[in-house]
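Q: sequence unknown, structure follows:
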């Protein structure tokens, strides 16, 4: 699994915004991701802000029944990760580290290159 595919998006709710002050961040993650995958992805993607993950909790959010007029269906179920940092921060909307509103290109990480370098070091 590619590191860029592990974290789908941050979950920004009132509760998760209140937890930002205590260095707890909430993300929607790939359904096949494990705790170690999420930890490795957070530390590599946000290496510039020196983020060190202390703890990762994984929760499977079930789909819910939903009705729209006479039609019935379900909302999408997903997997979410609650990440506690011991050091650093992650620049998400509403947290410190976001100084300006300039649009920046997303940096794509070449995981094959990282894995090759790790195997050479070992």
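A: Received it, and whenever you're ready, just let me know what you need. If you're wondering where the values come from, they're calculated on a predicted model, not measured in any experiment. Numbering: from 1, shown residues only.
Q: My guess is residue 8 contacts residue 31. True?
A: No - counting by CB atoms under 8 Å, residue 8 stays clear of residue 31, with 9.4 Å between them. The way it works is simple: take the backbone N, C-alpha and C, and place the C-beta from them, glycine included.
Q: Pull up the overlap in contacts between those two.
A: Contact criterion CB atoms under 8 Å, 6 or more residues apart in numbering; residues shared by residue 8 and residue 31: residue 78.
Q: Check which residues of stretch 38-58 are buried.
A: 38, 39, 40, 41, 42, 43, 45, 46, 51, 53, 56 (16 or more other CB atoms under 10 Å).
Q: which residues are contacting it?
A: Here stretch 38-58 has contacts from 3-4, 6-7, 27, 29, 33-35, 79-91, 97, 109, 114, using CB under 8 Å, 6+ apart.
Q: show me where the chain has helices.
A: Taking DSSP state H, the helices of the chain run over residues 3-6, 14-19, 35-45, 111-121.
Q: and residue 82, how far is that from residue 120?
A: As for residue 82, its distance to residue 120 is 34 Å (criterion: CB to CB, to the nearest Å).
Q: make that residue 75, sorry
A: Counting by CB to CB - residue 75 and residue 120 are separated by 45 Å.
Q: between the two, which one's more packed in?
A: For residue 75 versus residue 120, the count of surrounding residues by other CB atoms under 10 Å is larger for residue 75: 11 against 7.
Q: Skipping its backbone neighbours, what lies nearest that one in space?
A: residue 64 (4.8 Å; CB to CB, 6 or more residues apart in numbering).
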